[in-house]
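Student: quick one, structure for this:
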Amino acid sequence: MLLTVMNTTIKTTVEKAGAIFVPTYDIIAKDVPSYLPNPENIHLSEAGYLAVANEAFLPAIKESTLWDVSKAIQVNKNDSTTVKISWQEATDNVGVTNYNVYVNGEKTFTQNADTTAITLDHLKENTAYTVAVKAVDAAGHESVQSPTVTFTTERTLSFTDIENHWAKEFILKAAEEGIMKGYADGTFRPEQNVTRAQAASILVRSLGLTTKEQAPFTDISSYDVGTQSEIAAAYAYGLVKGTGEKFNPGQPVTRAQLALMINRAYEHQLKHPYAVKGKAPFSDIASYNEETKRAITMLYEQGIVIGSEGGFSPEAPTKRSHAAKIFVNFSSLLKNTEVK
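Tutor: So this is what the prediction gives:
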């Protein structure tokens, strides 16, 4: 009874002072002969102190709110190789003198206690980093708590042949979203035509479509397995049809053909046909079937294409620059459209 009263009194007093009360009686009672070999001496044995530290003090410290690790650290990316790490000030009963900054598990910097931020530069692009901060007190002890953050540096996207191109922003956006890629020599080749195989692959990848079925086309066997699977998925989901047993994968995809692919993909995603609101103002699409005209009209009404000089140029091959614009606008449309 007396012990309970004393513990309660001590607990109330230390918590009012902002300290942490840690009861040790139950821990020592587990093995009194080992932990307190001399009852006349209040000092514990080495094993006793270790048990108290592991079972009482360390868990209490980890749960302490002296340093709120969930809110203590922030990352601001300056560019693809430079970030600023900042953290909240920590406190300790003997005073914090330094902060040790660990990058990917290695102590990389030591900052004075009056500095709660550091800039990391010369990092690798598109690389994951984990940064942890430990407070160091005047006695040289590191904090048990360690606010930690993991981030990935950005990838710098640039192509040597698009600086003054009208579609530069669309090209960069398409590359950022992983819709289209450049070439190993650093070019994008915006005026190069997109083939039917490339168009099918881009569309299937952007929608995340897959299939175990094989396409019925006899002219795609020379392509790699991945491309064949993407063409098969485009066929399985009704995005492409081909002509008989031919897909003509190496032929440039015409603007009308790409419009059909986009329209079919849109209808597949939304699970219902697109209802045109009017008539597209293009003078060169009247001879096409209703599905093609509806597809071109959809692209126009949704702001994906605008045409040129009153025409759509349906038989013209689709250049990579135009494809970048069409796919980026289509991606944006899908993100902003509620699937019913």
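Student: and the residue nearest to Q251 when sequence neighbours are not counted, how far from L44?
Tutor: The shortest distance from Q251 to any non-neighbouring residue, by C-beta to C-beta, 6 or more residues apart in numbering, is to R196 (5.6 Å). No exception for glycine: its C-beta is placed from N, CA and C like everyone else's. According to C-beta to C-beta, to the nearest Å, R196 and L44 sit 80 Å apart.
Student: ok, T8 to L270 distance?
Tutor: In terms of C-beta to C-beta, T8 sits 66 Å off from L270.
Student: between those two, which has more neighbouring residues?
Tutor: In this view T8 and L270 are compared by other C-beta atoms under 10 Å, and L270 has more residues nearby, 14 against 11.
Student: Three-state assignment for S206, please.
Tutor: helix (DSSP: H, G, I helix; E, B strand; the rest coil).
Student: who's in contact with it?
Tutor: Applying C-beta atoms under 8 Å, 6 or more residues apart in numbering, one finds that S206 lies in contact with 177, 179, 327, 330-331.
Student: ok, 6 Å please
Tutor: By C-beta atoms under 6 Å, 6 or more residues apart in numbering, the residues touching S206 are I179.
Student: from P190, how far off is it?
Tutor: 19 Å.
Student: do S283 as well
Tutor: 27 Å.
Student: for these two, indicate the residue with more neighbours.
Tutor: P190 (20 against 11).
Student: if we ignore the residues flanking it in sequence, what's nearest the more buried one?
Tutor: P190's closest residue in space is S321 (C-beta to C-beta, 6+ apart), at 3.7 Å.
Student: check which helix or strand covers S158.
Tutor: For S158, there is no host helix or strand (DSSP states H and E).
Student: what's around K181, how many residues?
Tutor: 10.
Student: that one belongs to a helix?
Tutor: No - using three-state DSSP, the assignment for K181 is coil, not a helix.
Student: can you list phi and psi of the residue nearest to Q251 for me?
Tutor: phi -60, psi -40 (degrees, to the nearest 10).
Student: contact partners for it?
Tutor: 248-249, 251, 253.
Student: same check on A233?
Tutor: A233 is in contact with 204, 209-211, counting by C-beta under 6 Å, 6+ apart.
Student: go again using 10 Å as the cut-off
Tutor: Listed by C-beta atoms under 10 Å, 6 or more residues apart in numbering, the contact partners of A233 are 200-201, 203-205, 207-213, 215, 239-240.
Student: distance check, it against T8.
Tutor: A233 is 70 Å from T8, by C-beta to C-beta.
Student: and for S201?
Tutor: Distance from S201 to T8, by C-beta to C-beta: 72 Å.
Student: just to revisit the earlier point, how close does the residue nearest to Q251 get to A295?
Tutor: 16 Å.
Student: do the same with D219
Tutor: D219 is 24 Å from A295, by C-beta to C-beta.
Student: now do the phi/psi pair for the spatially most distant residue from the centre of the chain.
Tutor: Here the centre of the chain is the reference, and by C-alpha atoms, centre = their mean the most remote residue is E40, at 61.8 Å. Backbone torsions for E40, taken as degrees, to the nearest 10, come to phi -80, psi -10.
Student: ok, A167 touching S321?
Tutor: Yes - in terms of C-beta atoms under 10 Å, A167 counts as a neighbour of S321; the distance is 3.9 Å.
Student: now do the shared contacts for the two.
Tutor: Contacts common to A167 and S321, judged by C-beta under 10 Å, 6+ apart, are 174, 188, 190-191.
Student: where along the stretch 101-250 of the chain do the helices fall?
Tutor: 168-176, 196-207, 225-236 (DSSP state H, counting those that start in this stretch).
Student: following the last one, which helix or strand comes up?
Tutor: Stepping forward along the backbone from helix 225-236, the first helix or strand reached (DSSP H and E) is helix 255-270.
Student: the helix or strand following that next one - contacts with which helices or strands?
Tutor: With elements assigned by DSSP H and E, the helix or strand that comes after helix 255-270 is helix 290-301. On a contact count with 3 or more C-beta pairs under 10 Å, 6 or more residues apart in numbering; DSSP states H and E, helix 290-301 meets helix 255-270, helix 320-336.
Student: quick one: closest of the ones you listed to E291.
Tutor: helix 255-270 (6.8 Å; C-beta to C-beta).
Student: ok, for E315, nearest residue in space, not its chain neighbours?
Tutor: Nearest one to E315, counting by C-beta to C-beta, 6+ apart, is T254 at 5.4 Å.
Student: and that neighbour, what does it touch?
Tutor: By C-beta under 10 Å, 6+ apart, the neighbours of T254 are 193, 196, 199, 260, 313-318.
Student: swap in 7 Å and give it another go.
Tutor: 314-318 (C-beta atoms under 7 Å, 6 or more residues apart in numbering).
Student: and the residues you listed, which are buried?
Tutor: For the contacts of T254, burial is judged from neighbour counts taken by 16 or more other C-beta atoms under 10 Å, and it is met by 314, 316-318.
Student: make TSV out of the residues you listed and add secondary structure.
Tutor: Putting the buried ones among the contacts of T254 into TSV (three-state DSSP) gives the following:
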residue	secondary structure
P314	coil
A316	coil
P317	strand
T318	coil
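Student: of these, closest to S146?
Tutor: Distances from S146 to the buried ones among the contacts of T254, taken by C-beta to C-beta, are shortest for T318, at 53.2 Å.
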